[in-house]
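In: Sequence and predicted structure below; questions after.
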Amino acid sequence: MKTIVVSGGAGFIGSHLIEALLGQGHVVVCLDNFFTGSKRNILPFMNHPNFEFIRHDVVVPILLEADQIYHLACPASPVHYQNNPIKTLKTSVLGTLNMLGIAKRVKARILLASTSEVYGDPEVHPQTESYYGNVNPVGPRACYDEGKRAAETLVVGYRDYNRVNVAIARIFNTYGPRMLPNDGRVVSNFICQVLKGENLTVYGDGSQTRSFCYVSDLVDGLVRLMESNDSGPMNLGNPHEVTIIELAQRILQMIPHTGSVIIFKDLPQDDPMRRKPDIGLAKKVLGWEPKVSLDRGLGATIDYFRNELGRVDV
Ligand code: NAD
Ligand code: UDP
């Protein structure tokens, strides 16, 4: 039984990770400031004897004991991370610095939830870990992309200079239950729009691609990486690539007869045109690859949002 800190644990991925770690018998300490997370996500664990919640902003230092730290605290949706770009950068840089400080002091292994966004609008396809990326340092996505790139640099600095035991996961687009209905990311947007009979907003002509990983697969990959000796960076994502228009049409087929139609809106500046992970490294080192098909994952996510939107208290 280990003591494991999960920063950002009240968020989408973090709450699934906590569920898995509690299920394995570990003690979990969740740190979150509820910027994009919610109390409802962690409510099922509140009475669990091995669960502890601390309302805390990771930008501020904190003293904790831990064997492992999963550092996920950071808004992930462009809508949320662009809301206050300076705060996003502070969360990535100062937040990661503070978590690394704990890891150094108590000799914990720390895993950084980095992102495929470090590759920016990639010229290499699919993206391998050796690709340095194509990021605009002054564009609207820079606070997130450059923040995570700086966080990665801090992590390898602590590994090489302070001998901290680290891992960097480069997470590709992940979806599933417990995303916020107003999250702004494409899967939750499309599903909620169609369930509400609203028009489905495709940005640009919808020819841009993404590769969507179901959250249970991602959590499995994160835990395997933490349990390995590898420091990464390691891509974790589902290599099944689809265009955004294909995703929209698929969701319309899966939720028929609500009256929704596809409408087109401007493509946001610096929106990456193609994205697909090369997961050769994760397969080789962790024996990991995603198992949940897009259809099955979308089905479970649609069921979740149908239930959420039907609640009277949301
Ligand atoms: P999310 O927004 O649902 O969760 C982020 C959590 O961090 C929220 O609970 C939020 O309240 C918390 N948080 C934000 N700023 C904080 C701060 N300063 N102090 C304490 N807590 C703070 O996002 P998610 O999709 O669960 O993403 C989790 C992590 O994975 C993030 O670091 C994100 O960058 C990374 N990631 C996610 C994806 C994806 O597709 N979901 C892809 C790549 C990387
Ligand atoms: N997108 C869209 N309609 C929406 C939300 C997003 O067409 O309502 C597009 C967006 O422009 C991008 C893709 O879907 O090309 C994925 O967007 P998301 O914000 O989910 O993630 P990211 O761009 O960070 O990969």
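Out: Structure's in. What do you need? Residues are numbered from 1 along each chain as shown. Ligands and ions are numbered 1, 2, ... in the order given.
In: Ligand 2 contacts on the stretch 151-300 of the chain?
Out: Contact residues, the stretch 151-300 of the chain versus ligand 2 (CB under 6 Å from any ligand atom): 173, 185-186, 189, 201-203, 208, 210, 244, 268, 271. For the C-beta atoms, the positions are set from N, CA and C on the backbone; glycine is no exception.
In: farthest pair in those residues?
Out: 173 and 201 (17.0 Å; CB to CB).
In: Between these two, tell me which one has more neighbours.
Out: Using other CB atoms under 10 Å as the criterion, residue 173 and residue 201 rank with residue 173 on top: 20 against 14.
In: what's that one in contact with, if anything?
Out: 116, 185-187, 210-213, 237, 275 (CB atoms under 8 Å, 6 or more residues apart in numbering).
In: swap in residue 210?
Out: 172-173, 186, 241-242, 244, 247, 275.
In: so after the helix or strand harbouring it, what's the next helix or strand?
Out: Applying DSSP states H and E as the criterion places residue 210 in strand 209-211. Using DSSP H and E, the helix or strand that follows strand 209-211 in sequence is strand 213-214.
In: Is that following strand positioned near ligand 1?
Out: No - shown here: strand 213-214 not in contact with ligand 1 (CB under 6 Å from any ligand atom), separated by at least 7.7 Å.
In: quick one on the thing from earlier: which one (most neighbours) among the contacts of residue 173?
Out: Counting neighbours by other CB under 10 Å, residue 237 leads the contacts of residue 173 with 29 neighbours.
In: so that one makes contact with residue 171?
Out: Yes - the pair residue 237 / residue 171 is scored as a contact, 6.7 Å apart, by CB atoms under 8 Å.
In: Could you tell me which residues touch both of the two?
Out: 116, 213, 218.
In: The residue nearest to the second one when sequence neighbours are not counted in helix, strand or coil?
Out: Using CB to CB, 6 or more residues apart in numbering and skipping residues adjacent in sequence, the residue nearest residue 213 is residue 238, 3.9 Å away. State at residue 238, reduced to three classes by DSSP: H, G, I helix; E, B strand; the rest coil: coil.
In: give the contact list for residue 238.
Out: Contacts of residue 238 were listed using CB under 8 Å, 6+ apart, and they are 172, 211-214, 217, 277, 290, 294.
In: Turn the residues you listed into TSV, including distance to residue 111 and pLDDT.
Out: Listed next are the contacts of residue 238 as TSV, based on distance: CB to CB, whole Å; pLDDT from 0 to 100:
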residue	distance to residue 111	pLDDT
172	16	98
211	21	98
212	22	98
213	17	98
214	20	98
217	16	98
277	17	98
290	18	98
294	26	98
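In: Relative to residue 88, which of these is nearest.
Out: residue 172 (19.3 Å).
In: Next one: the closest one relative to residue 109, how far apart?
Out: 23 Å (CB to CB, to the nearest Å).
In: higher neighbour count, the two?
Out: Shown here are residue 172 and residue 109; by other CB under 10 Å, residue 172 has more neighbours (24 against 21).
In: quick one on the thing from earlier: ligand 2: which of the shared contacts of residue 237 and residue 171 is nearest?
Out: residue 116 (7.5 Å; CB to the nearest ligand atom).
In: For the spatially closest residue to the closest one that is not a sequence neighbour, which residues are in contact?
Out: Of all residues not flanking residue 116 in the chain, residue 172 sits nearest, at 4.4 Å (CB to CB, 6+ apart). Neighbouring residues of residue 172 by CB under 8 Å, 6+ apart: 115-116, 210-211, 213, 235-238, 275-277.
In: Which one of those residues is nearest to residue 43?
Out: Closest to residue 43 out of those is residue 213 (25.2 Å), distances taken as CB to CB.
In: Could you give the bridge partners of the closest one?
Out: Residue 213 has these beta-bridge partners by DSSP bridges: residue 174.
In: shouldn't it be in contact with residue 175?
Out: Yes - if you go by CB under 8 Å, residue 213 and residue 175 touch, sitting 7.5 Å apart.
In: Relative to the strand holding residue 210, what are the paired strands and their orientations?
Out: Strand 209-211 has these strand partners (DSSP bridges): strand 241-243 (antiparallel).
In: what sits up against the partner strand?
Out: Contacts of strand 241-243 (CB under 8 Å, 6+ apart): 126, 206-212, 250, 274-276, 294.
In: can you rerun that using 10 Å?
Out: In this structure, residues lying in contact with strand 241-243 by CB atoms under 10 Å, 6 or more residues apart in numbering are 125-126, 202, 205-212, 248-250, 274-277, 294.
In: Tell me the pLDDT of the residue nearest to residue 213.
Out: pLDDT, residue 238: 98.
In: and it, backbone torsions?
Out: phi -100, psi 120 (degrees, to the nearest 10).
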